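> I would like to see how this sequence folds:
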Amino acid sequence: MKKKIAFSVALCSACAIAQTDEVTSYDDAFFDEPATVSETPASTVVKTEHAAKPSDITVLDGLSVEDESEAETSPVDTKTKAESVKVLDTKELQGSSATIAEATNRSSGVKIRQSGGLGGESKINIRGMEGKNVKVLVDGVPVDNGNGSLSINDIPIDKVDRIEVYKSYVPERFATDGMGGVINIVTRNLPESSIAGSYSFGSFNTHKASLDAKYVWVADSAKRRTVETGISAYYNYSDNDYEFTTPYMDTTVTREHDRYYSYSISPFVNLNNFWFDRISLGASFGGMDKEIQSTAHRVEKMTMDGDGFGVNLGAEKSNLFVKGLSAGFSFSLSSSEEHLTDTSHVYYYGWGKEDTRVSDEPLGERTAGSPSLATYDKFSIQVPWNVAYAFNDNHSLVWSGLYKYDSQAFKEKFNLIRTISNVPFDGYDYSLVSGLSLENKFFESRIQNVVGVKGFYYKLNADNDKDKVTRLNDENVDKTDFGYSENLRWQIVAPVAVRAGFQHSLRFPTRDEIFGDGAYVASAPTLKPEKSNNFTAGIDVDLDRLPLILKMHLGWNGFYLLMDDRIYINPFSSTPRPCYNSSGTKTKGFEVEANVDINEYVNLSWNMTYQDVRSREDDRTYGISKGWIVPNIPRFYTNFSAEFHTGDLFFAEDFFKVYWLANYTGEYYYSWKVSKKQNRIIPSAFTQDVGIEYSILANKLSWNFELHNLMDVTAYDKFGESKMGRAFFTKLKFNI
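You can find the predicted model right below:
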């Protein structure tokens, strides 16, 4: 199976267009303080992916309606892998109104903390590690913007074949740093010469449209030479004007200034069996525009917008020079321009309009007296590769790598900000990450082993002119390091398998953490990489043809993670605040899951996660004691689902299903827990969604209706900002 390189161009562009963290969303800040709005808009740089050989990851069993060409893209069952991975088959979700974040959030060990509605940041937590420690990839290449948040909900789920969730493990074949895990979004292959599209609308004036089209010319049928041309596009819009509660003002507030839209258009050309198995050329054009909503006071004028473009060239070849040797590479470049406009003459101290400060000169709404009219010019180059050699069916070696270059130039009309130590740096950074992994199977695959090593090199450079920060002593940061892993699976008997794994991994500090972000983070050029030793173990039991039960899967996974030099934001410094390396953390926990097919019509599933994240030692300088619970990380959560489905109900090849989804998240702390009487708690919540879906003509035309938060429960993912209440969404999808 070959990957469709050009299809991911649009999706990567969507990943890069994200809302930046507000001040409340720093990783593991001591507490979520009253939020202002972000100074630095997230990257709109168009990212692209590579032509690497797809991994042998597999999807969970599940009923889906698909045509034969779509089914060919599905890999085999995940439970045959030694790695700690969960794979979500999105084919049966493509007709639903679910977002990628919502689909991923239903997996054990994963909690996505959402801020706002469409276009809001999504803080991903896997087994207690979140933000910058969890990498988001599209078809195997990182697309994160460096601040640990991505608007992954921009990507239509129609365009996704599956979502691979690696927990406490970053495979060597993914050439990236990180310790918490990986979410790899694998794009969908369209059937040849076809058109697919969808349109949905719902509460808060939310509209989403998606279109994919491909046409295939046969150039030489004898040599199977074909030329594929096509386009992939999407558009998203929402007023995001729902009510939310905020304890800062002890009132309910309507989000009156949070409109958001984004778009992406990606044409492509693929040449099949011309010199290479595939040569792909793609381009992408995308943009976004967003009004800024504060969670602490009224904002009426502040906005951010951006647009970008990218091009990609890739090639892949199997049996290169010798039988069993395959290779894939890609070259992509992208450029974007982003704008932050904060020039209001009125500053509101609260949610009402009576307590204001008015000036003839621009004041700004992020912070009174700090107006901004900023432009960020960004440029990026990525060169990923993947070379694999199969000695035979049981033994293979994979060498992967990624070279990445990024540059940034900053312009600010108002010079007030340049008097403090938080001005963004012009400059560049580049990195080279390379991994080598060996996979072995013994005794008819009853024992599987994957061992790997990974090397890291990166360099950051800042242009420190006289108008900018004078505290920076080292304008260059140069670092190298390495990691390694071991994963083993043993099938004891046919229905029972156990697995165990270990990885020594690391995460390099980001540009913002080292050189400052232009608003709240000051420079800290001496930051060291975070490092972690991750231990995992699990057992899977698969049974079928039981009395009264068609099929059952039971799973248990335990994890024990030891992190050193964890990066925090200094809570005691005035704004801007520097990051620093402090005491590490110890995480221990477990996951339990069950999936039962009662019969061919009814499916039930359940999973739960418990995780305990604590400081490993005292750090009196910054007020951390040994054994304290790290804040802003949910400790217990569980998911339930029930589905009834049937086919040939009214017509031949039709399909009908109704479903119920529920989540319970226990209370957790938004500040360090220092005593049993502490009341700085994000309250628990139990939310429920229900939906109905009907399709005809073998899923060529489908309709879906969903009701989210059925009981209109007040639920929080972060302190000071409740999620949207009851809402409806409906969707129409077609395949021609």
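> what bridges to residue 691?
residue 659, residue 706 (DSSP bridges).
> Off-centre distance for whichever strand in the chain runs longest?
Criterion DSSP state E: the longest strand present in the chain is strand 372-392. Distance of strand 372-392 from its chain centroid, counting by Cα atoms, centre = their mean, to the nearest Å, is 16 Å.
> how much distance is there from stretch 170-187 to the middle of the chain?
Taking mean C-alpha positions (Cα atoms, centre = their mean), stretch 170-187 and its chain are 11 Å apart.
> returning to that earlier point: partner strands of the longest strand of the chain, parallel or antiparallel?
With DSSP bridges as the test, strand 372-392 pairs up with strand 325-342 (antiparallel), strand 395-412 (antiparallel).
> Figure out which of those is closest to residue 579.
Nearest of these to residue 579, taken as Cβ to Cβ: strand 395-412 at 18.4 Å. No exception for glycine: its C-beta is placed from N, CA and C like everyone else's.
> quick one on the thing from earlier: can you put the strands paired with strand 372-392 in CSV and add mean pLDDT and distance to residue 362?
Listed next are these as CSV, based on pLDDT from 0 to 100; distance: least, Cβ to Cβ, whole Å:
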stretch, mean pLDDT, distance to residue 362
strand 325-342, 94, 8
strand 395-412, 91, 12
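> In three-state terms, label residue 158 for me.
The three-state label given to residue 158 by DSSP: H, G, I helix; E, B strand; the rest coil is helix.
> does it really touch residue 188, like I thought?
Yes - counting by Cβ atoms under 8 Å, residue 158 does reach residue 188; the two are 7.4 Å apart.
> Now list whatever residues contact both of the two.
By Cβ atoms under 8 Å, 6 or more residues apart in numbering, residue 158 and residue 188 have these common neighbours: 94, 212.
> For the stretch 101-250 of the chain, which residues score under the pLDDT cut-off?
Along the stretch 101-250 of the chain, segments meeting pLDDT under 70 span 144-151, 246-250.
> Would you tell me which one of the strands paired with strand 372-392 is buried the most?
Among the strands paired with strand 372-392, strand 325-342 has the highest mean neighbour count (mean count of other Cβ atoms under 10 Å), at a mean of 21.
> Residue 705: what's it in contact with?
691-693, 728-731.
> what about residue 103, helix or strand, and which?
helix 100-105 (DSSP states H and E).
> How about residues contacting that helix?
Among residues not part of helix 100-105, those counted as contacts by Cβ under 8 Å, 6+ apart are 88, 90, 93, 110-112, 114, 122, 124, 152-153, 155, 157, 160, 163, 165, 183, 185, 639, 663.
> which strands and helices sit next to whichever helix or strand comes after it?
Per DSSP H and E, the first helix or strand lying C-terminal to helix 100-105 is strand 110-114. Packed against strand 110-114 by the contact rule (3 or more Cβ pairs under 8 Å, 6 or more residues apart in numbering; DSSP states H and E) you find helix 100-105, strand 122-126, strand 716-718.
> Tell me what angle the second one forms with strand 110-114.
Per axes from the mean of the first three to the mean of the last three Cα atoms, to 10 degrees, the angle that strand 122-126 makes with strand 110-114 is 160 degrees.
> Given strand 122-126, what are its sheet partners and their directions?
strand 110-114 (antiparallel), strand 129-130 (antiparallel), strand 149-150 (antiparallel).
> Quick check on residue 132: phi, psi?
phi -70, psi -20 (degrees, to the nearest 10).
> Would you quantify the distance from it to residue 586?
Going from residue 132 to residue 586 by Cβ to Cβ, to the nearest Å gives 19 Å.
> Just want to know which of those two has more residues nearby.
Per other Cβ atoms under 10 Å, whichever of residue 132 and residue 586 has more neighbours is residue 132, with 24 against 19.
> Surely that one touches residue 510?
Yes - using Cβ under 8 Å, residue 132 makes contact with residue 510 at a distance of 6.2 Å.
> from what I can see residue 375 touches residue 426, true?
No - contact criterion Cβ under 8 Å: residue 375 and residue 426 do not qualify, at 11.8 Å.
> Look up the residues that both of the two are in contact with.
By Cβ under 8 Å, 6+ apart, the residues touching both residue 375 and residue 426 are residue 410.
> Looking at these two, which is more packed in?
The neighbour comparison of residue 375 against residue 426 (other Cβ under 10 Å) goes to residue 426, with 18 against 15.
> what about the residue nearest to that one when sequence neighbours are not counted, how many neighbours?
Excluding the flanking residues, the one nearest residue 426 by Cβ to Cβ, 6 or more residues apart in numbering is residue 463, at 4.4 Å. Per other Cβ under 10 Å, the neighbour tally for residue 463 reads 13.
> Am I right that residue 463 is in contact with residue 410?
No - contact criterion Cβ under 8 Å: residue 463 and residue 410 do not qualify, at 9.9 Å.
> Over to residue 153. Which of the three states is it?
Per three-state DSSP, residue 153 ends up helix.
> burial of the closest residue to it other than its chain neighbours, as a residue count?
Counting by Cβ to Cβ, 6+ apart, residue 99 is the residue found nearest to residue 153 once chain neighbours are left out, at 4.1 Å. Counted by other Cβ under 10 Å, the residues lying close to residue 99 total 22.
> Would you quantify the distance from residue 99 to residue 477?
Taken as Cβ to Cβ, the span from residue 99 to residue 477 is 36 Å.
> ditto for residue 163
Distance of residue 163 to residue 477, given as Cβ to Cβ: 33 Å.
> So between those two, which is more surrounded?
The neighbour count for residue 163 versus residue 477, taken as other Cβ under 10 Å, is higher for residue 163 (23 against 19).
> Tell me what the more buried one is bridged to.
Assigned bridge partners for residue 163, using DSSP bridges, are residue 88, residue 185.
> quick thing: my sequence starts at 29, can you match it?
Will do, 29 is the new start, and the previous item becomes residue 191.
> mind checking the SS state of residue 678?
Residue 678 is classified as coil under three-state DSSP.
> I figured residue 571 hits residue 580, correct?
Yes - in this structure, residue 571 is within contact of residue 580 by Cβ under 8 Å, at 4.8 Å.
> more crowded one of the two?
Between residue 571 and residue 580, counting by other Cβ under 10 Å, residue 580 is the more crowded of the two (17 against 14).
> Enumerate every residue touching that one.
Residue 580 neighbours (Cβ under 8 Å, 6+ apart): 569-572, 574, 622-625.
> so it, which of the three states?
strand.
> what's the answer for residue 375, then?
Three-state call for residue 375 (three-state DSSP): strand.
> which stretches of the stretch 579-728 of the chain have low pLDDT?
601-603, 702-705.
> quick one, helices of it?
In the stretch 579-728 of the chain, no helices are defined using DSSP state H, counting those that start in this stretch.
> one step back: out of the contacts of residue 733, give me the two with the largest separation.
Most distant of the contacts of residue 733, by Cβ to Cβ, are 721 and 756, 14.2 Å apart.
> Compare these two (neighbour count), which wins?
Set side by side, residue 721 and residue 756 show more neighbours around residue 721, with 24 against 13, by other Cβ under 10 Å.
> Mark which of the contacts of helix 128-133 are buried, thanks.
The neighbour count (16 or more other Cβ atoms under 10 Å) marks 116, 118, 121, 138-140, 142, 150, 152, 180-181, 183, 185, 188, 191, 193, 211, 213, 667, 691 as buried among these.
> give me every residue that touches residue 535.
Residue 535 sits next to 160-161, 205-207, 557-558 when contact means Cβ under 8 Å, 6+ apart.
> Specify which member of these is nearest to residue 387.
residue 160 (37.4 Å).
> The residue positioned nearest the centre of the chain bridge partners, please.
Residue closest to the average C-alpha location in the chain (Cα atoms, centre = their mean): residue 164, at 4.2 Å. Here residue 164 sits in beta bridges with residue 211, going by DSSP bridges.
> I'd say it and residue 211 touch.
Yes - contact criterion Cβ under 8 Å: residue 164 and residue 211 qualify, at 5.1 Å.
> Mind listing the shared neighbours of those two?
With Cβ under 8 Å, 6+ apart as the test, residue 164 and residue 211 both reach 152, 180.
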